[in-house]
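Colleague: My questions are about this predicted structure, shown below with the sequence.
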Amino acid sequence: MINENSSIAIFGLGHMGLPTAALLAESGLRVRGVDINNKNVDIINSGHSPIMEPGLDEIVKKTVEKDLLSATTDSKEAVANSQIIMVIVPTPVDRNKKSDLSAVISACRSISENLKKGDLVIIESTVPPGTCQNLVIPLLEESGLKAGQDFKVAYTPERALPNNTLHEMTHNARVIGGIDSESTKMASSLYGRITDGEIIMVQNLVTAEMVKLMENTYRDTNIALANELALVCSALDVDAIEAIQAANHHPRVNIHTPGPGVGGHCLSIDPYFIVETALENGVDTPLIRTSREVNEAMPGEVSKIVQSALEDMGKTIEGSEIGILGVAYKGNVADARETPAKPLIKNFIKKGANVVVNDPYVSPDIINSWGAEIVDLKRALISDCVVLVTDHDLYLNIEPSMIKNGLIVCTRPVLDRETFQKGGVTFKGVGRR
Ligand SMILES: NC(=O)c1ccc[n+]([C@@H]2O[C@H](COP(=O)([O-])OP(=O)(O)OC[C@H]3O[C@@H](n4cnc5c(N)ncnc54)[C@H](O)[C@@H]3O)[C@@H](O)[C@H]2O)c1
């Protein structure tokens, strides 16, 4: 079982891995983080967090100073000196929407080279159902040890929300499945050190893998429904936000919020893991596939709204300047992975617009790589059409008088239409008249 002398190696010190490493170190365990990113390893060892996340820098500083947390690129040393090894590396999809498990494979190969009898390996990366049994365990068994007999294996999905990661990791319920009950119990006692949330032990690895994918697929499908309803509402001159809010007063209805599309490392990817595995097992998943299609079409729908609003003003996208507010996939974070802002911006540029972007969170390198110019907020607001894509708090105080050319397209329900209309600004949005 876990005791104060237990040491942990964590593969992947990103948005999920570093907070997990820092919290486990704060609980008194010795944690070695393994990452392939030299720069981030150095930043962490200097007592700082390369990940922008409230409160994380402080815990990293404290635990590095106490010598409880360290980072390394040397997986061999880390695994050899640990009894618990965790994998929290990225699991994207490739351009054919198939899971890319190369980082999981690479981490498991490194682990198998130094795996010892009695070790517990925990996979936290989001993976297609069956990955632990069919891919991870065979890779780990290349060590010559037998899973269940010589070493333990558990899977627990990560469900923390960026910008609130530490709170969620220490309060959310945690679902854990293992190759056997000993593995599940040992993993449960580890997470019990950092979370007050309920620990839900499910009967096996694949059930735990499936739980994570079901959660995000539920949300993606619900958002797709909201987006589709928003498009219908627009055509009927109904304010979709008002209608959805009213519908949600029904005690058993919870329609999510329409928007410019779905981004991030989870919702826009995880449903594909179900689609892929279902097909391999002879099951079609039309609802899940269609939901993805609906959400991926939303940047195109926003582009149509902008085009029609500009035409009403005697302009076209070609030759107009479009000011994008926010490119992160959600408000107040720096994460632009799979953001709907990217296809939207590329579409405007392709149609001949000059695109200027304001987002103080997201790395300028990312925005520049899409061909857009980075400007300050005041400058973005003098564009022919201002398009609010991300609901960063700093945009909530925008007033009508600041929109110099009198047109804003607000893709999130965060600004008040009436206020802008009264201020003489044309206000359009997803699902808004
Ligand atoms: N970010 C989220 O909100 C979130 C939420 C729940 C679950 N997840 C899942 O957690 C997993 C990790 O996501 P993340 O957002 O932390 O990713 P991330 O990209 O922020 O971090 C991943 C880290 O792993 C490192 N890495 C890559 N290959 C490696 C290897 N072979 N060995 C060691 N390190 C390696 C990278 O350098 C990076 O620092 C993914 O499966 C993701 O789907 C993420």
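Modeller: That came through fine.
Colleague: Can you name the residues of the stretch 51-200 of the chain that neighbour the ligand?
Modeller: For the stretch 51-200 of the chain, the residues in contact with the ligand (CB under 6 Å from any ligand atom) are 88-91, 103, 106-107, 125-126, 158-160, 162. Quick note: C-beta positions are derived from backbone N, CA and C, even for glycine.
Colleague: In JSON lines, list these along with secondary structure and neighbour count.
Modeller: Output for those, formatted as JSON lines (DSSP: H, G, I helix; E, B strand; the rest coil; neighbours: other CB atoms under 10 Å):
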{"residue": "Ile88", "secondary structure": "coil", "neighbour count": "27"}
{"residue": "Val89", "secondary structure": "coil", "neighbour count": "26"}
{"residue": "Pro90", "secondary structure": "coil", "neighbour count": "19"}
{"residue": "Thr91", "secondary structure": "coil", "neighbour count": "22"}
{"residue": "Ala103", "secondary structure": "helix", "neighbour count": "18"}
{"residue": "Ser106", "secondary structure": "helix", "neighbour count": "16"}
{"residue": "Ala107", "secondary structure": "helix", "neighbour count": "29"}
{"residue": "Ser125", "secondary structure": "coil", "neighbour count": "25"}
{"residue": "Thr126", "secondary structure": "coil", "neighbour count": "24"}
{"residue": "Glu158", "secondary structure": "coil", "neighbour count": "20"}
{"residue": "Arg159", "secondary structure": "coil", "neighbour count": "19"}
{"residue": "Ala160", "secondary structure": "coil", "neighbour count": "19"}
{"residue": "Pro162", "secondary structure": "coil", "neighbour count": "23"}
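Colleague: could you dump these to JSON lines with pLDDT?
Modeller: Shown next, in JSON lines, are these (pLDDT from 0 to 100):
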{"residue": "Ile88", "pLDDT": "98"}
{"residue": "Val89", "pLDDT": "98"}
{"residue": "Pro90", "pLDDT": "97"}
{"residue": "Thr91", "pLDDT": "97"}
{"residue": "Ala103", "pLDDT": "98"}
{"residue": "Ser106", "pLDDT": "98"}
{"residue": "Ala107", "pLDDT": "98"}
{"residue": "Ser125", "pLDDT": "98"}
{"residue": "Thr126", "pLDDT": "98"}
{"residue": "Glu158", "pLDDT": "94"}
{"residue": "Arg159", "pLDDT": "91"}
{"residue": "Ala160", "pLDDT": "92"}
{"residue": "Pro162", "pLDDT": "87"}
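Colleague: Do a quick rundown of the strands in this protein.
Modeller: Along the chain, the stretches classed as strands by DSSP state E are 7-11, 30-34, 69-72, 84-87, 120-123, 152-155, 174-178, 199-201, 321-325, 354-358, 373-374, 385-388, 407-410, 426-429.
Colleague: What count of nearby residues applies to the closest residue to the ligand within the stretch 1-150 of the chain?
Modeller: At 1.6 Å from the ligand, Gly14 is the closest residue in the stretch 1-150 of the chain, using CB to the nearest ligand atom. Gly14 is flanked by 17 other residues according to other CB atoms under 10 Å.
Colleague: OK, contacts around Ile59?
Modeller: Contact partners of Ile59, counting by CB atoms under 8 Å, 6 or more residues apart in numbering, are Ala22, Leu23, Ala25, Glu26, Leu166.
Colleague: Might one say that the second one is in contact with Ile194?
Modeller: Yes. Leu23 is in contact with Ile194 according to CB atoms under 8 Å; the separation is 4.4 Å.
Colleague: okay, these two: which has more neighbours?
Modeller: Neighbours per residue, other CB under 10 Å: of Leu23 and Ile194, the larger number sits with Leu23, 23 against 20.
Colleague: Next up, the contacts around the more buried one.
Modeller: Ile59, Leu166, Met169, Thr170, Ile194.
Colleague: Low-confidence ranges, the stretch 301-433 of the chain, go.
Modeller: 433 (pLDDT under 70).
Colleague: ok, the closest residue to the ligand within it to Asn254 distance?
Modeller: Proximity of the stretch 301-433 of the chain to the ligand (CB to the nearest ligand atom) peaks at Asp335, 7.0 Å away. Applying CB to CB, to the nearest Å, the value for Asp335 to Asn254 is 25 Å.
Colleague: Who has more neighbours out of these two?
Modeller: Shown here are Asp335 and Asn254; by other CB under 10 Å, Asp335 has more neighbours (19 against 10).
Colleague: tell me the contacts of that one?
Modeller: His15, Pro162, Gly264, His265, Ala328, Tyr329, Val362.
Colleague: rerun at 7 Å
Modeller: Pro162, Gly264, Ala328, Tyr329 (CB atoms under 7 Å, 6 or more residues apart in numbering).
Colleague: Check whether Asn114 really touches Asp74, as I assumed.
Modeller: No. Between Asn114 and Asp74 there is no contact under CB atoms under 7 Å: 10.6 Å.
Colleague: Surely Ile408 touches Phe427?
Modeller: Yes. At 5.7 Å, Ile408 counts as touching Phe427 under the criterion of CB under 7 Å.
Colleague: between those two, which one's more packed in?
Modeller: Ile408 (26 against 23).
Colleague: what sits against that one?
Modeller: Val386, Leu388, Phe420, Val425, Phe427.
Colleague: Determine which two of the residues you listed are furthest apart.
Modeller: Leu388 and Val425 (12.2 Å; CB to CB).
Colleague: number of nearby residues for Glu113?
Modeller: 13.
Colleague: gap between it and Ser106?
Modeller: In terms of CB to CB, Glu113 sits 11 Å off from Ser106.
Colleague: Ile382 too?
Modeller: Ile382 is 48 Å from Ser106, by CB to CB.
Colleague: With Ile8 instead?
Modeller: 19 Å.
Colleague: One more: Thr290?
Modeller: Per CB to CB, Thr290 is found 34 Å from Ser106.
Colleague: now do Val31
Modeller: From Val31 to Ser106 the distance is 20 Å (CB to CB).
Colleague: One more: Glu124?
Modeller: Applying CB to CB to Glu124 and Ser106 gives a distance of 16 Å.
Colleague: again, but for Ser75
Modeller: Counting by CB to CB - Ser75 and Ser106 are separated by 9 Å.
Colleague: which residues do the two both contact?
Modeller: Counting by CB under 7 Å, 6+ apart, nothing touches both Ser75 and Ser106.
Colleague: Kind regards, and thank you for your time.
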